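Engineer: Got a predicted model here, sequence first, then my questions.
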Amino acid sequence: MKAVGSITLSPEILPSAKRLQALRTRLNQLQVRCIFSEPQFESALVKTLIEGTSVRQGTLDPLGVKLAAGKEAYFELLHQLAQSLNECLLSQ
C-alpha cells in the first residue's frame, strides 16, 4: 500500500477546488483503489473527491473511538484496522 496524498493537513482549513481537482487527477492517473478517512473528520470531501470514479471509500479508526476499554481493546483495534483495510482494498 502506498499513500498518494491527503485531502487536507488540517481539518480547520478546507482544500481549494484546485487542490481537489489535482487529487482527483492523481487518483485516476495512479489507479487508486481506495481512499481512507477517519471517523472524527467530515467525509463529505471524500465523497465529492471520488464521485464518478471507481475509487472506494474506507474508514480507519486509529483512535478506537467506538471500542470499549479493556485488556483486549488494543487487539480489537488492530483487528478493526486490518478488517477495514481488507474490506476496502480487496473488495471487487
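Structural biologist: Nice, thanks for sending it over.
Engineer: Mind jotting down where the strands sit in the protein?
Structural biologist: When assigned using DSSP state E, the strands of the chain occupy the ranges 34-37, 56-59.
Engineer: what's the first one packed up against?
Structural biologist: Helices and strands touching strand 34-37, by 3 or more Cβ pairs under 8 Å, 6 or more residues apart in numbering; DSSP states H and E, are helix 44-50, strand 56-59, helix 73-90. From N, CA and C alone the C-beta is placed, and that goes for glycine too.
Engineer: Direction included, what does that strand pair against?
Structural biologist: Sheet pairing of strand 34-37 (DSSP bridges) gives strand 56-59 (parallel).
Engineer: who's in contact with the partner strand?
Structural biologist: Applying Cβ atoms under 8 Å, 6 or more residues apart in numbering, the external contacts of strand 56-59 come out as 33-39, 43, 46-47, 50, 84-85, 87-89, 91.
Engineer: which parts of it are buried?
Structural biologist: For strand 56-59, the neighbour count (16 or more other Cβ atoms under 10 Å) marks 56, 58 as buried.
Engineer: Could you count how many residues lie near residue 1?
Structural biologist: Neighbourhood size, residue 1 [other Cβ atoms under 10 Å]: 7.
Engineer: now it: how far from residue 16?
Structural biologist: 27 Å (Cβ to Cβ, to the nearest Å).
Engineer: Buried subset of the contacts of strand 56-59, written for PyMOL?
Structural biologist: Selecting the buried subset of the contacts of strand 56-59 in PyMOL, with 16+ other Cβ under 10 Å as the burial test, is done by:
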select buried, resi 34+35+36+37+46+50+84+88
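Engineer: Okay, residue 14 and residue 42: tell me how far apart.
Structural biologist: 9 Å.
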